[in-house]
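**Student:** Turn this into a model:
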Amino acid sequence: MRLRAWLVSMMIVSECFLAVCAAWGATTVPPVNGMSPNGRLLVVPYEDGFQVLYKGISALRIPMMKAEAATKIKNGPLQFVDHLTVDYQMLSGKRLHATNEANVYRVAMGPQASLVFRLYNDGIAFRYEYTGLSASRCPEEQTVYRIPEGTRRWMQQWTDSYEGFFPLSTTYQVKPVPSFSGVSKSEDGWNNRWGYPALLEPADGVFTLITEANIERNQSASCLFNKGEDYAVVPAENEAVIRGEWHTPWRVAMIGSLSDIVASTLVTDVSEPCKLRDVNWIHPGVVSWIYWAYNHGSNDYGIIKKYVEMAAALKLPYVLIDAEWDTMKDGYTIEDAVSYAKSQGIKPLIWYNSSIGWVDGAPTPKYRLNRPEDREKEFAWCERIGVAGVKIDFFSGDNLKNMDYCIELLECAAKHHLLVNFHGATIPRGWQRTYPNLLSTEGVYGAEWYNNVGTFTNKAAAHNATLPFTRNVIGPMDYTPCAFSDSQHPHITTHAHELALTVIFESALQHLADRPESLLAQPGEVRSFFGQLPTVWDDTRLLTGYPADHVVMARRSGQTWYVAGINGTDEQKTITFNLREIFPSRHVQVTVFADSGNKNEPWSITTMTAEQMPTSMTCLPRGGFVLVVKE
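**Tutor:** Below is the predicted model:
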């Protein structure tokens, strides 16, 4: 077996090498500098920097900003320094047991600076490392990504909450969204500030997802600013004074097929291991959530009781008591609400304003977490009365102040056995591995927007079919899915589409958006589905899909597979997929949740054997389906 694996690996390397030779010319030997362990990814000098090749196809071009850096890269080669194997357990995410391997290379960029490269089997990660810094500010970032005009790309315009769409484009000439905070535009009037992740299709069937990972103290997060085809990595404000050693966060690019991108754990692979000694108290689960139906409600004890009782009826472990609980009406207090939830066997989560973003005119409670002594007092009180976790909202961007504050919140919350959900916050960059009490993060244009504007109604289906290839790849996403009824603005996705989102969207705290009257009126099979729904997964596989068009995802928890699909278009669509590789056993029972097409009785729920298992599903416009397969 080992000999066969070695021969296959050498064949892949040879194919890639011949493809590169062809690209450079028959008489030219390509100056290959780096190679992934499986041989599919190569790094070669290119113009003023380098490019990454996937099976001989250019997947990413990375020119350098500074001439001296470009010269060192061009004159290389990268020096091989190590072979790295990562093998670790997660408490949440798309794969609880994560493994990967990488070849590590280094380029000296001066007496006190190096560029360190890791070439993984599913992408690359690189960072700049410095020594001997003497009371200096962080060195200037040198990374640029070149995205040629005509390249298909799905990119989100930057805003501090990362709540925007990922529309398909083939050009950088995109008008800015005027309502976004942090809007920046070029002299020609085009948007020129972009958030992570950025999905590119540099060649048919070849994809690259750009992001970053492993934000530590003394580091800010970054975004992309472009001038034409060149997209520069620009860190947010960082006032830290550095002495001695310092490095940037990892610049990350996942590369391969769409299924490779979706399955990749590269963001956590490069992040610091878990820093918590005790993690036995961390329990992911499904949450009943008050805010969506009312835009308020958490200052009303009667409404809180209804959501607690719904959680108990559906066998959900958690209820989230959202903003304004500190101004509860009719003589009740948050202690009363927490006590009632606990009496029903439901663990309460409560909301806080971070008080560094939206403060004036924003909901309360405010200013309870900003100073270390106040934060310690508040979290100790939460632990004492039986609060299981906190949702912290309204941060103000990617700067050092926000990043250090988030780390401090995670560490203090862990000390008091509190789960954390960041809202109005930056996207995940690997903290879910380092601080596994971080079970979810918003950073997404989610179902909450049905409360705010009418825009979401017509765009939701295509947006939902884009997020599995963009935002949700990099970490947990608190989209708050599954609304069968309407909030302030209507939705036109089907019931089965909404149910499928609870599987397709990964979040260790999966908040159900809908109101009790709607969820409790669903058929018994649907109600039971919620009580058994996992929120962490042993395996995740993309079966088929393309951004904004459709997606079929298979996720495994123990011996049970959940296969969920959605149609992102306004037309009926038959989606074909192959389940035989996943279910070789003939001894399985399949429950299918689908749309009936009947407005008065919207569900079609059937059971079948392995022999009857479908190889395709016909979805209504904006429809969907879920298959639950048990051995």
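**Student:** Might you report the residue contacts of R243?
**Tutor:** By Cβ atoms under 8 Å, 6 or more residues apart in numbering, R243 lies in contact with 133-135. Just so you know, the C-beta spots here come from the backbone N, C-alpha and C atoms, and that holds for glycine as well.
**Student:** Which one among those sits at the bottom for pLDDT?
**Tutor:** Lowest pLDDT of the contacts of R243: A135, 85.
**Student:** Check W358 and give its pLDDT.
**Tutor:** pLDDT, W358: 96.
**Student:** hang on, the earlier thing: which of the contacts of R243 tops the neighbour count?
**Tutor:** L133 (17 neighbours; other Cβ atoms under 10 Å).
**Student:** is that one in a bridge, and if so with what?
**Tutor:** When assigned by DSSP bridges, L133 has beta-bridge partners G244.
**Student:** what about the helices in the stretch 251-400 of the chain?
**Tutor:** Ranges of helices in the stretch 251-400 of the chain, per DSSP state H, counting those that start in this stretch, are 258-263, 266-269, 291-294, 301-314, 334-343, 372-385, 400-415.
**Student:** Redo the ones you listed as TSV? Include distance to D360, mean pLDDT and mean neighbour count.
**Tutor:** Shown next, in TSV, are the helices of the stretch 251-400 of the chain (distance: least, Cβ to Cβ, whole Å; pLDDT from 0 to 100; neighbours: other Cβ atoms under 10 Å):
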stretch	distance to D360	mean pLDDT	mean neighbour count
helix 258-263	40	98	20
helix 266-269	34	98	29
helix 291-294	20	92	21
helix 301-314	26	98	20
helix 334-343	23	98	18
helix 372-385	20	98	14
helix 400-415	18	98	20
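**Student:** Including distance to T466, could those helices go into TSV?
**Tutor:** Below are the helices of the stretch 251-400 of the chain laid out as TSV (distance: least, Cβ to Cβ, whole Å):
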stretch	distance to T466
helix 258-263	12
helix 266-269	18
helix 291-294	21
helix 301-314	29
helix 334-343	36
helix 372-385	36
helix 400-415	26
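**Student:** Need the contact partners of stretch 370-385.
**Tutor:** 335, 338-339, 350, 352, 354-356, 367-369, 390, 405, 408-409, 412-413, 415-418.
**Student:** rerun at 7 Å
**Tutor:** 335, 338, 355, 368-369, 390, 412-413, 416-418 (Cβ atoms under 7 Å, 6 or more residues apart in numbering).
**Student:** Ok, stretch 163-179 next?
**Tutor:** For stretch 163-179, using Cβ under 7 Å, 6+ apart, the contacting residues are 149-157, 180, 183, 185, 190-191, 226, 228-229, 444-445, 459, 463, 466, 470, 547-548.
**Student:** Helix, strand, or coil at G424?
**Tutor:** coil (DSSP: H, G, I helix; E, B strand; the rest coil).
**Student:** show me where the stretch 201-350 of the chain has strands.
**Tutor:** 206-213, 222-227, 230-235, 242-247, 250-256, 285-289, 318-321, 347-353 (DSSP state E, counting those that start in this stretch).
**Student:** quick one, the first one and strand 222-227 angle?
**Tutor:** Read that as strand 206-213. 130 degrees (axes from the mean of the first three to the mean of the last three Cα atoms, to 10 degrees).
**Student:** Mind giving me the packing neighbours of strand 206-213?
**Tutor:** Identification of packing neighbours for strand 206-213 by 3 or more Cβ pairs under 7 Å, 6 or more residues apart in numbering; DSSP states H and E yields strand 57-63, strand 193-203, strand 250-256, helix 258-263.
**Student:** again with the third one
**Tutor:** Strand 230-235 sits against strand 144-146, strand 222-227, with contacts defined as 3+ Cβ pairs under 7 Å, 6+ apart.
**Student:** angle of that strand against strand 193-203?
**Tutor:** 140 degrees.
**Student:** What are the buried residues along strand 230-235?
**Tutor:** Buried residues in strand 230-235, counted by 16 or more other Cβ atoms under 10 Å: 230-235.
**Student:** which stretch among the strands of the stretch 201-350 of the chain comes nearest S264?
**Tutor:** Nearest to S264, of all those, is strand 250-256, at 4.5 Å by Cβ to Cβ.
**Student:** in its sheet, what does the closest one sit against?
**Tutor:** The partner list of strand 250-256 in its sheet, established with DSSP bridges, is strand 123-136 (antiparallel), strand 206-213 (antiparallel).
**Student:** what does that strand rub up against?
**Tutor:** 41, 52, 54, 59-60, 122-127, 143, 207-214, 233, 261, 264, 266-267, 270.
**Student:** Of the strands of the stretch 201-350 of the chain, which is nearest M35?
**Tutor:** For the strands of the stretch 201-350 of the chain, the distance to M35 is smallest for strand 250-256, at 13.2 Å, taking Cβ to Cβ.
**Student:** hang on, the earlier thing: just the ones in strands from the contacts of stretch 163-179, please.
**Tutor:** With DSSP state E as the criterion, strands contain 152-157, 226 from among those.
**Student:** ranges for the strands of the stretch 401-550 of the chain?
**Tutor:** So, for the stretch 401-550 of the chain - with DSSP E, counting those that start in this stretch - the strands run 419-422, 438-441, 509-512, 539-546, 550-557.
**Student:** Y46 is nearest to which of the ones you listed?
**Tutor:** Using Cβ to Cβ, the strands of the stretch 401-550 of the chain put strand 539-546 closest to Y46, at 28.6 Å.
**Student:** Pull the residues that contact the closest one.
**Tutor:** Contacts for strand 539-546 (Cβ under 7 Å, 6+ apart): 94-95, 258-259, 262-263, 468, 551-556, 575, 577-578.
**Student:** next one: stretch 227-237
**Tutor:** With Cβ under 7 Å, 6+ apart as the criterion, stretch 227-237 contacts 63, 65, 141, 143-149, 172, 194, 220-225, 251, 397-400.
**Student:** Select only the buried ones of those residues in ChimeraX?
**Tutor:** Buried members of the contacts of stretch 227-237 can be picked out in ChimeraX with the line below, counting by 16+ other Cβ under 10 Å:
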select :63,65,143,144,145,146,147,172,194,220,221,222,223,224,225,251,397,398,399,400
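**Student:** Check what pLDDT V29 gets.
**Tutor:** Reported pLDDT for V29: 36.
**Student:** Oh, that last question was meant for D48, not what I typed.
**Tutor:** With respect to pLDDT, D48 scores 79.
**Student:** what's the spacing between it and V234?
**Tutor:** Computed as Cβ to Cβ, to the nearest Å, the D48 to V234 distance reads 19 Å.
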